[in-house]
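Trainee: Test case, fold it:
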Amino acid sequence: MPDTVVAVILNWNCADDTLRCLRAVLAGSLVPEVVVVDNGSTDDSVARLAHLDGSATLLPLDDNLGYAGGMNAGIRAARERGADWVWLLNADAVPRPGALAALLAHRQRFTVATSVQTTSARPDDPDPEPYVVAATLPGGRVRPFGCAGCAEGMHEVDVVTGAALLLRVADVVRVGFFDERFFHYKEEFDLVRRIADAGGRIALVCDSEVWHRRGGSLAGSSPRARYYYHRNEILYVRKHYRRPLRRLLLGEPIHYRRVATALLRLTGGRERRLDSRAVLVGYWDGLRGVHGATERF
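Mentor: As a prediction, this is how the structure comes out:
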């Protein structure tokens, strides 16, 4: 009996992106069942997604549970449908026609996989730029890994992230789903790391491609995004390293540069001060173990 795949698209105030992603999934060479999770949108998303004509099931949530909570709801829905695999897609992602089929062609060799991901102004740009979604972790240090395509078609790595993840449902259940304390940023890195620690194999499938407009759900340059990013970096280190302070003080000098830059920018204009404050508060809250959603910034 072939493996069952359910695709989960997470929507938050971005129905246009979600519908574009859905069209791309349905136009693929292999079409899965699709669940669209609306993550407590405050615009007209639910009304616009309520008439999907059987092409997908809409799962509306009452509140914004963040990426982690929204995707957990989608994974549980996929599990109820008997899915062996769940394909998690950001709304602002556009999988190429053979993306899912290429991932599944290697499914006997991995537990979690992601596609090569590219970005540009539009998904139909002829020359999009790739960006890093995979890494190795020698000695716990992150070493980015990339491949634009090769005869092997896939590479085993230590961790993957990004806007399109294929995961074996049984392994997600076994390690306990996404950690919703992260809310936004670093939650997929954490889940994949836990699956790997439990014996799962992680892959970058370089003959599978997904386009992604980064920052579609929460603009990467916004103060709130900066807060989550830096806070959750610290929460991740606290969770996965025996000596987190040693790791932060000696293992990753980039944190010194980020804090120093934020301090220097406090003397700038209002926007620069707000950005800097978000970075510094993010670090401080991470060190204190503050987690979950914030209404600041």
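Trainee: ok, which stretches of the stretch 51-200 of the chain are helices?
Mentor: With DSSP state H, counting those that start in this stretch as the criterion, the stretch 51-200 of the chain has helices at 66-80, 99-105, 169-175, 187-197.
Trainee: Which of the ones you listed sits closest to residue 221?
Mentor: helix 66-80 (17.8 Å; CB to CB). The C-beta positions use only the backbone N, C-alpha and C, and glycine is treated the same way.
Trainee: in the closest one, what counts as buried?
Mentor: Neighbour-count burial for helix 66-80 flags 66-79 (criterion: 16 or more other CB atoms under 10 Å).
Trainee: Which strands or helices does it pack on?
Mentor: strand 5-11, strand 33-39, strand 57-61, strand 85-90, helix 169-175, helix 187-197 (3 or more CB pairs under 8 Å, 6 or more residues apart in numbering; DSSP states H and E).
Trainee: Which secondary structure elements does the fifth one sit against?
Mentor: When you say that, I think you mean helix 169-175. Going by 3+ CB pairs under 8 Å, 6+ apart, helix 169-175 lies up against helix 66-80, strand 85-90, helix 187-197.
Trainee: would TSV of the ones you listed with mean pLDDT and distance to residue 167 be doable?
Mentor: Shown next, in TSV, are those (pLDDT from 0 to 100; distance: least, CB to CB, whole Å):
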stretch	mean pLDDT	distance to residue 167
helix 66-80	97	8
strand 85-90	98	6
helix 187-197	96	7
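Trainee: Any idea which of these gets closest to residue 222?
Mentor: Minimum separation from residue 222 across these (CB to CB) falls at helix 66-80, 15.0 Å.
Trainee: what is the orientation angle of the closest one with strand 5-11?
Mentor: 150 degrees (axes from the mean of the first three to the mean of the last three CA atoms, to 10 degrees).
Trainee: And the contacts of helix 66-80?
Mentor: 6, 8, 10, 12, 35, 37, 39, 57, 59, 61, 64-65, 86, 88, 167, 169, 172-173, 177-185, 187-188, 217, 293 (CB atoms under 8 Å, 6 or more residues apart in numbering).
Trainee: Next: stretch 48-65.
Mentor: Applying CB under 8 Å, 6+ apart, the external contacts of stretch 48-65 come out as 9, 11-12, 15, 18-19, 22, 26, 33-41, 46, 69-70, 72-74, 77, 180, 293.
Trainee: buried stuff in stretch 23-30?
Mentor: Within stretch 23-30, the residues that count as buried by 16+ other CB under 10 Å are 24, 25, 28.
Trainee: how about these in JSON lines, adding pLDDT, secondary structure and distance to residue 107?
Mentor: Formatted as JSON lines, the buried residues of stretch 23-30 follow (pLDDT from 0 to 100; DSSP: H, G, I helix; E, B strand; the rest coil; distance: CB to CB, whole Å):
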{"residue": "24", "pLDDT": "97", "secondary structure": "helix", "distance to residue 107": "21"}
{"residue": "25", "pLDDT": "98", "secondary structure": "helix", "distance to residue 107": "18"}
{"residue": "28", "pLDDT": "96", "secondary structure": "coil", "distance to residue 107": "16"}
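Trainee: Show me which of these is closest to residue 152.
Mentor: residue 28 (22.5 Å).
Trainee: any idea how far the closest one is from residue 206?
Mentor: 18 Å (CB to CB, to the nearest Å).
Trainee: go on, residue 144?
Mentor: Using CB to CB, residue 144 is found at 14 Å from residue 206.
Trainee: okay, the two: which has more neighbours?
Mentor: Taking neighbours as other CB atoms under 10 Å, residue 144 and residue 206 compare with residue 206 leading, 21 against 11.
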